[in-house]
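Undergrad: here is my input, please return the structure:
(chains A and B)
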Amino acid sequence: MDLKDLYQEIILDHGKNPRNLKKSDNFNKDAKGHNPLCGDKVHIYLKVDENNKISDIAFEGSGCAISMASASIMTDLMKEKKEIEVKELVDDFLEMIKQNPELKSKILGENEKTKLMSLSGVKKYPMRVKCATMAWHTLTAAMKNANEETNTDKFE
Amino acid sequence: MNINNIKKQFPIFNNKVQNNDLVYLDSANSSQKPQVVVDRIYDFYTKEFSNVGRSVHYLAVAATNLYENTRVLVQKYINAKDPNEIVFTKGATEAINLVANTFGQKFLEEGDEILLTELEHHSNYVPWHYLRKSKGVKIKFAEFNSDGEVTLESIEKNITPKTKIIAITHLSNVTGAILPIKEITRLAHSKNIPVLVDGCQGAPHLKLDMQDIGCDFYAISCHKMYGPTGLGILYAKKKWLEVLPPYQGGGGMIREVKKEGITFGDLPNKYEAGTMATAQVIAFGESIKFLNKIGIENIEKHENELTKYGEEILRKNNSVKLIGSPKDKGSVLSFTLDGVHAHDIATILDEDGVAIRAGHHCCQILHDKLGLSATARASLGVYNTKDDLDKLNESLNKCKKIFEG
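TA: Sure thing, here's the model as predicted:
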């Protein structure tokens, strides 16, 4: 194991300066996520337009570098994505974090893929996988506008 | 006392953990086990195993004697009046649940108050919480001060004519504060209020004398006390165990079972339903002997010195903020590191073989009050050395380096 695989520069950057970290005042869907094990919290706000496309996305939350970076990178990538693309990207990311060596989806450009792949080091740290996946599960809940808080203990 | 000789008695330190020497700083979570305890479990299962208290054959009688020997060892260790005041449970959590449940059933009514503190581990809050719904009781929390202490005054302030029981920790697993449990018990008894002490963190580190403390109930976690998992102890004054109802029903705890009704067994059987953690109880006898051999006073002295040293080096490290600075403090060092979340600290330290705990340490009320979602915690045991704390500090500097780039 190498810590540099986990704490890549891009993760440290997004962890320290998370993008889209604010309460959106113009949202029509949202969901909260919580990891009771470590107290990490995330609240995702979405503005989904009439074509089922995310026109705006933001999040509030607190947590470790991995969870903040994951939410930051995710919110960056999801802008302007259609519902069907969101689902594909979430599935692809979760598979990559658990087992796949890389992302399969063709939706993202090379730069975006590299950014997202920076989180793949988490695979070697099973206790930290939930840190990386919480925002993604919460996004899925937000798309459904789930009122119930998403709890990482309910994840696989 | 020679720490190197003591450390040699713990086989876990003979092996590398991910190619590192283990720096174990998570004893408040669970302590490591000396060889004598591990051997005792093996020997019991390989040479002496039988169930206790039931059959009349040789092995059953011998196992029963071994099991009861531990009860007497524990009684003497904590200076209880009677071995029947020692009840084995599956953990300290079950010990507290036992009291909350049976005391609640028998003595609590709507509007009664239970007084806890803001320092309590979830295991000394959640069992009482159920009584809010089933009995309509109120739970009050005595506040901790800026040093992370709960004072006698803070307890006194919260006692009302409705207070029916006080349940407090002996030693906070986050701030390390040692509560004045003897004084709190005196005060409570002057108002006819019984006291339960959660001794999970107290028992492994402090001299225990139930006659001196005077509390009504004291819960112990054996796995934090160099003993096996799956075992706890409830010390309770005989007068309580005699009047409280049984907790769980089953074999071994009855006197007579008829279709029309059941009568229950004498102490301690009344509270030990079903087959108990026999091997663990017998092995825990070795943990007590191990502690007796070193002497708890010597352990206290050693751990105090280490705690002071740990505080000193962490205070010198400008990025570290210690949580709480109680005057009377056990061997717990909780802290935050500027710009690095506790879970990132724990992962980075782990790469160096430094095992700490990160999170809320089952104390969400305390962390909420401090406005922190998580802290890092290094906690000590008899086998730790100054070298371990130096390694902790080195690894913390490595965290800073990674995060500051």
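Undergrad: ok now do residue B:283, which residues does it touch?
TA: Residue B:283 makes contacts with B:37-38, B:40-41, B:44, B:227-228, as judged by C-beta atoms under 8 Å, 6 or more residues apart in numbering or on different chains. Heads up, the C-betas are built off the backbone N, CA and C, glycines and all.
Undergrad: again, only using 10 Å
TA: By C-beta atoms under 10 Å, 6 or more residues apart in numbering or on different chains, the contact set of residue B:283 is B:33, B:36-44, B:66, B:70, B:222, B:227-228, B:231, B:277.
Undergrad: try residue A:6
TA: Taking C-beta under 10 Å, 6+ apart as the contact definition, residue A:6 lies against A:65-66, A:118-125, A:128, A:132, B:344, B:347-348, B:351, B:402.
Undergrad: hmm, try it at 7 Å
TA: Contact analysis of residue A:6 by C-beta atoms under 7 Å, 6 or more residues apart in numbering or on different chains lists A:121-122, A:125, B:347.
Undergrad: same thing with residue B:58?
TA: Contacts of residue B:58 by C-beta under 7 Å, 6+ apart: none found.
Undergrad: per-residue pLDDT, it?
TA: Per-residue pLDDT puts residue B:58 at 95.
Undergrad: and for residue B:1?
TA: On the pLDDT scale, residue B:1 is placed at 79.
Undergrad: and if you look at the one 10 residues further on?
TA: On the pLDDT scale, residue B:11 is placed at 98.
Undergrad: one more: residue A:152?
TA: 66.
Undergrad: ok, now residue B:250?
TA: Residue B:250 is given a pLDDT of 92.
Undergrad: give me the element residue B:102 is part of.
TA: Taking DSSP states H and E as the criterion, residue B:102 maps to helix B:92-107.
Undergrad: scratch that, residue B:234
TA: Assigned by DSSP H and E, residue B:234 falls within strand B:232-236.
Undergrad: got a list of contacts for that strand?
TA: Here strand B:232-236 makes contact (C-beta under 7 Å, 6+ apart) with B:74, B:78, B:80, B:85-92, B:94-95, B:98-99, B:210, B:216-222.
Undergrad: which one is residue 40 nearest to, not counting chain neighbours?
TA: This is for chain A. Distances taken as C-beta to C-beta, 6 or more residues apart in numbering or on different chains put residue A:63 closest to residue A:40, at 3.3 Å, once the chain neighbours are dropped.
Undergrad: looking at chain B here, not the other one
TA: residue B:283 (4.1 Å).
Undergrad: distance of that neighbour relative to residue B:330?
TA: Using C-beta to C-beta, to the nearest Å, residue B:283 is found at 25 Å from residue B:330.
Undergrad: still on that earlier bit, would a markdown table of the contacts of residue A:6 with neighbour count be doable?
TA: Below are those laid out as a markdown table (neighbours: other C-beta atoms under 10 Å in any protein chain shown):
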| residue | neighbour count |
| --- | --- |
| A:121 | 21 |
| A:122 | 24 |
| A:125 | 18 |
| B:347 | 24 |
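Undergrad: among these, which pair sits farthest apart?
TA: A:121 and B:347 (10.8 Å; C-beta to C-beta).
Undergrad: please list the residues of chain B that sit near chain A.
TA: B:341, B:343-344, B:347-348, B:351, B:359-360, B:367, B:373-374, B:402-403, B:405 (C-beta under 7 Å from any C-beta of the partner chain).
Undergrad: any chance of a ChimeraX selection covering the buried ones in the residues you listed?
TA: Per 16 or more other C-beta atoms under 10 Å in any protein chain shown, the buried members of those correspond to this ChimeraX selection:
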select /B:341,343,344,347,348,351,359,360,367,373,374,402,403
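Undergrad: between the residues of chain B next to chain A, which is nearest residue B:183?
TA: Among these, and counting by C-beta to C-beta, the member closest to residue B:183 is residue B:367, at 27.1 Å.
Undergrad: list the contacts for that closest one?
TA: So residue B:367 contacts A:39, B:360, B:373, B:375 (C-beta under 7 Å, 6+ apart).
Undergrad: at 8 Å instead, please
TA: Counting by C-beta under 8 Å, 6+ apart, residue B:367 has contacts A:39, B:174, B:360, B:373-375.
Undergrad: list the buried ones in the helix or strand where it lies?
TA: Assessed by DSSP H and E, residue B:367 sits inside helix B:364-370. Under the neighbour-count criterion of 16+ other C-beta under 10 Å, helix B:364-370 has B:365-367, B:370 buried.
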